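Trainee: fold the following for me, if possible:
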Amino acid sequence: MKLSLCIPAYNEEKNIHYPLDSAYDLADEVIIIDAGSTDKTSEIAQSYGCKIKIFRTDNPRNFLINKQRAIEKAKGEWILQLDADEALSEELKKEIIELINSQSGKEKTNNHTSQQFKDKEVVAYWIPRKNFFLNRFLMKGGVYPDYVLRLYKKENVFFDLKDLHENVKIKPDKKNQNPKTGYLKNPILHFADPDFSRYLLRWDRYTTFDAQELFQKYQGKSKGKNFLLFCQYFFIKPIVWFIKVYFRHKGLIDGFPGFVFALFSSIRFWVIYIKWWQIKNHQKSKL
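Mentor: Got it, this is the predicted structure:
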């Protein structure tokens, strides 16, 4: 088995078609880790055919746990990991086919493009990602190319599970003590936020996780440290982040969606601080 498509999912009946439509025929198997969906996610996925293997589990606070579970269930030499709201562009699909054929020795001898896949020490590939926000793919504001490590050899990767935003970690194996990463040219299409309501749901989840991480980091710190944290999260970080995203990285070129993205990615620091403050006071009340 050469390639496993791995998808973590939770109540994704409206989106699960994105990875399956674009990559089902590419994979030898499709591993779906269903985190207790209450909608028709599993039924829709199962309708695609016999390659689908669904494993039902819990819905952990850090959803990367289910990505790690997918890696452990997969049997392919290579793993292509997609979120339930992501699709392969047609150009990326062709590029992955070329990579797999190259690794299998099926490429044409006069195909110069496939030479980039000859290095056996390369065990994982960074893929650019286009993120859809409101009515367009954002191309500025530091959002693109948004490289993610999504195509890799199973035996060479694992999730550290320390950070919600982390990519997989690379490790050596018996045959390859010096594993390397490479880059693909064509993008994953990420349909994360086609409307503002979905964006706010994800925004709430991420800020909650970041607040909990902040609580762990600052637990037991002095009042002086806490005041400094207030200044950072209410004044310094939001202003610096907005200037960085909207002006330095030219988010203004993305029009109104670019402005909204810059604004809300900046004021998330307010929300993180407020949630951290609530967690801290809740812990105090229990003592």
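Trainee: helices or strands up against the longest helix anywhere in the chain?
Mentor: Ranked by residue count, the top helix of the chain under DSSP state H comes out as helix 255-286. With contacts taken as 3 or more CB pairs under 8 Å, 6 or more residues apart in numbering; DSSP states H and E, helix 255-286 sits against strand 129-133, strand 136-138, helix 196-218, helix 223-231, helix 237-242. In this view, the C-beta of every residue, glycine as well, is placed from N, C-alpha and C.
Trainee: so who does residue 64 touch?
Mentor: Each residue near residue 64 by CB atoms under 8 Å, 6 or more residues apart in numbering is listed here: 159, 161, 164, 166.
Trainee: most neighbours among these, please name it.
Mentor: residue 159 (18 neighbours; other CB atoms under 10 Å).
Trainee: so what's that one scoring on pLDDT?
Mentor: Listed pLDDT for residue 159 reads 93.
Trainee: how about the helix or strand of the chain with the lowest mean pLDDT as CSV, C-alpha atoms only?
Mentor: Lowest by mean pLDDT, DSSP states H and E among the helices and strands of the chain is helix 223-231, with a mean of 85. Extracted in CSV, the C-alpha atoms of helix 223-231 (Å, rounded to 0.1, in the frame of the first residue of the first chain):
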residue,chain,number,x,y,z
LYS,A,223,1.1,40.5,40.1
GLY,A,224,3.7,42.5,38.3
LYS,A,225,4.0,39.8,35.6
ASN,A,226,0.3,39.7,35.3
PHE,A,227,0.1,43.5,34.7
LEU,A,228,2.8,43.2,32.1
LEU,A,229,0.7,40.5,30.4
PHE,A,230,-2.3,42.8,30.4
CYS,A,231,-0.3,45.5,28.7
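Trainee: circling back to that earlier point, quick one: which of the helices and strands packed on helix 255-286 is nearest residue 24?
Mentor: strand 129-133 (19.7 Å; CB to CB).
Trainee: show me the contact partners of that closest one.
Mentor: 86, 89, 137-139, 143-148, 187-194, 199, 257, 260-261.
Trainee: again, only this time at 7 Å
Mentor: Strand 129-133 has contacts (CB atoms under 7 Å, 6 or more residues apart in numbering) with 137-138, 143-144, 146, 148, 187-194, 257, 261.
Trainee: give me the spatial nearest neighbour of residue 9, chain neighbours excluded.
Mentor: residue 84 (4.3 Å; CB to CB, 6 or more residues apart in numbering).
Trainee: now the helices and strands packed on helix 255-286 in CSV, please, with extra columns for distance to residue 281 and mean neighbour count.
Mentor: Compiled in CSV, the helices and strands packed on helix 255-286 are given as follows (distance: least, CB to CB, whole Å; neighbours: other CB atoms under 10 Å):
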stretch, distance to residue 281, mean neighbour count
strand 129-133, 34, 20
strand 136-138, 36, 18
helix 196-218, 11, 15
helix 223-231, 12, 11
helix 237-242, 22, 16
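Trainee: and the ones you listed, which one is worst for confidence?
Mentor: helix 223-231 (a mean of 85).
Trainee: before we move on, the earlier item: now for the contacts of strand 129-133, which pair is the farthest apart?
Mentor: 148 and 257 (20.8 Å).
Trainee: OK, contacts around residue 80?
Mentor: Counted by CB under 7 Å, 6+ apart, residue 80 has contacts 3, 5, 23, 27, 96, 150, 151.
Trainee: could you chop this structure up by domain?
Mentor: 3-192, 195-286 (automatic domain parsing).
Trainee: start and end of the first one, how far apart?
Mentor: Read it as domain 3-192. In domain 3-192, first residue to last residue: 25 Å (CA to CA, to the nearest Å).
Trainee: pretty sure residue 209 contacts residue 164?
Mentor: Yes. Using CB atoms under 7 Å, residue 209 is in contact with residue 164, at 4.9 Å.
Trainee: low-confidence regions, the protein specifically.
Mentor: Within the chain, the stretches with pLDDT under 70 are 104-116, 118, 221-222, 287.
Trainee: relative to residue 241, how far out is the nearest residue in space to residue 275 that is not next to it in sequence?
Mentor: Leaving aside its sequence neighbours, residue 275 sits nearest to residue 211 (CB to CB, 6+ apart; 3.5 Å). Taking CB to CB, to the nearest Å as the measure, residue 211 falls 17 Å from residue 241.
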